[in-house]
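**Q** Requesting a structural model of the entry that follows:
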Amino acid sequence: MMLRVKDLNVYYDAIHALKNVSFEVNEGEIVTLIGANGAGKTTTLHTISGLLRGKSGKIEFMNEEIQQKPAHEILKMGLAQVPEGRRVFTHMTVLENLEMGAFARKDRTTVADDLDRVFQSFPRLKERRRQIAGTLSGGEQQMLAMGRAMMSSPRMIMLDEPSMGLSPILVEEIFSIIREIHQNGTTVLLVEQNAQMALSIADRAYVLETGKVVLQGDAHEMLDNQDVRRAYLG
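**A** Residues are numbered from 1 along each chain as shown. Next up is the predicted model:
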């Protein structure tokens, strides 16, 4: 088991955002969290990565409790997040953004090799490596955000709504790259409103509704679950 979340409760002032949320991600898996807007998906990722503090509950990564650790320490442990909305450094070049992804690494000897691997996965970023990130298209910025996370050499990557605002063709491309990242040995936790795409590539899935896990199981079986189809697949 790589990540374990147990009975996690998170509040925004008086609003109880996550209610005893529990789930697991095993090494080598793609696990997806699906649910409507406001279900608590992003809050879950932010709490795992140290950007939010839970009221109660336990979060373990690689058998070590991390719920009280600062975000930069969690990143150093090998847990990276690609945030919703890309959040690239818009006034820096593509290359500078990627280099920022490696800032926390102690071992600098393999940074150049990892940069080459990112450029292999994202040839468009190599073509635009001197370009200012804010001038990239939405799809290219999503690729840059993913590449920046990969530059931290993570054991596990958390992706928050990678398909948001992208054309269907670009969505296919982004999900193809997620598969490639996974095949290269990185465990993936995927938060995604496009449930059809998420379930098609995931091993297991958890459904969040109003801050609670209401359903869990094999992702491909969920594609055929009538309740899931009615609620999330149209």
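
**Q** Give the buried residues for stretch 67-84.
**A** Residues of stretch 67-84 classed as buried under the neighbour-count rule (16 or more other Cβ atoms under 10 Å) are Gln67, Lys69, Ile74, Leu75, Met77, Gly78, Leu79, Ala80, Gln81, Val82, Pro83, Glu84. For every residue, glycine as well, the C-beta is placed using N, CA and C.

**Q** where in the protein is pLDDT low?
**A** Scanning the chain for pLDDT under 70 picks out the ranges 85-86, 106, 108, 233-234.

**Q** remind me, longest helix of it?
**A** Secondary structure of the chain per DSSP state H: the longest helix is helix 168-183.

**Q** residues in contact with that helix?
**A** Contacts to helix 168-183, defined as Cβ atoms under 8 Å, 6 or more residues apart in numbering, come from residues 30, 121-122, 138-139, 142-143, 146, 150, 157, 159, 162-163, 166, 188, 190, 194, 197, 200-201.

**Q** How about stretch 68-86?
**A** 3, 42, 45, 48-51, 61-62, 64, 66, 104, 106, 138, 141-142, 144-146, 148-150, 152-162, 164, 191.

**Q** so how many other residues sit close to Leu223?
**A** 17 (other Cβ atoms under 10 Å).

**Q** Over to Lys6?
**A** By the criterion of other Cβ under 10 Å, Lys6 has 14 neighbours.

**Q** wait, what's in contact with it?
**A** Ser22, Gly57, Lys58, Ile59, Glu60.

**Q** partners of the helix or strand harbouring Asp7, with directions?
**A** Using DSSP states H and E, Asp7 sits within strand 3-12. Sheet partners assigned to strand 3-12 using DSSP bridges are listed as strand 15-25 (antiparallel), strand 56-61 (antiparallel).

**Q** In CSV: those, plus distance to Asn225.
**A** Formatted as CSV, these follow (distance: least, Cβ to Cβ, whole Å):
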stretch, distance to Asn225
strand 15-25, 17
strand 56-61, 27
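
**Q** Please name whichever of the ones you listed is nearest to Asn184.
**A** Of all the strands paired with strand 3-12, strand 15-25 sits nearest to Asn184, with 17.0 Å by Cβ to Cβ.
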